[in-house]
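Engineer: pasting the sequence and the predicted coordinates here, then a few questions.
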Amino acid sequence: MTQTRRLAPQADDPAAPLGVPAILLALTMLFTPLVISSRISGWSADYGPLLYVVLILYLAAASRLLCWGVAVRKRRRR
């Protein structure tokens, strides 16, 4: 097995300062559907299954953003 080493330290990552804003935005995005959950049934009657597809994609994007923000914060702390 070969091991790879990085030549530059992790602190030089230009995206490192975006970790905290990404986490805050992702948490806001994940919290928003809970706030508007009373409206989802009405929208479901109007738009049908498309609403659920969009909601799943929205939550997947928010989850991925949260994972990325946490990963960036972990790398920055090392």
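Structural biologist: Cool, the structure landed.

Engineer: chain center to the longest helix anywhere in the chain, what's the gap?
Structural biologist: Determined from DSSP state H, the single longest helix within the chain is helix 49-77. Averaging C-alpha positions (C-alpha atoms, centre = their mean, to the nearest Å) puts helix 49-77 3 Å from its chain's average.

Engineer: middle-most residue in the protein, spatially?
Structural biologist: Leu65 (2.0 Å; C-alpha atoms, centre = their mean).

Engineer: contacting residues for that one?
Structural biologist: Leu65 is in contact with Ala22, Leu25, Ala26, Met29, counting by C-beta atoms under 8 Å, 6 or more residues apart in numbering. C-beta here means a position set from N, CA and C on the backbone, and glycine is covered the same way.

Engineer: okay, now Arg78: neighbour count?
Structural biologist: The local packing of Arg78 (other C-beta atoms under 10 Å) involves 7 other residues.
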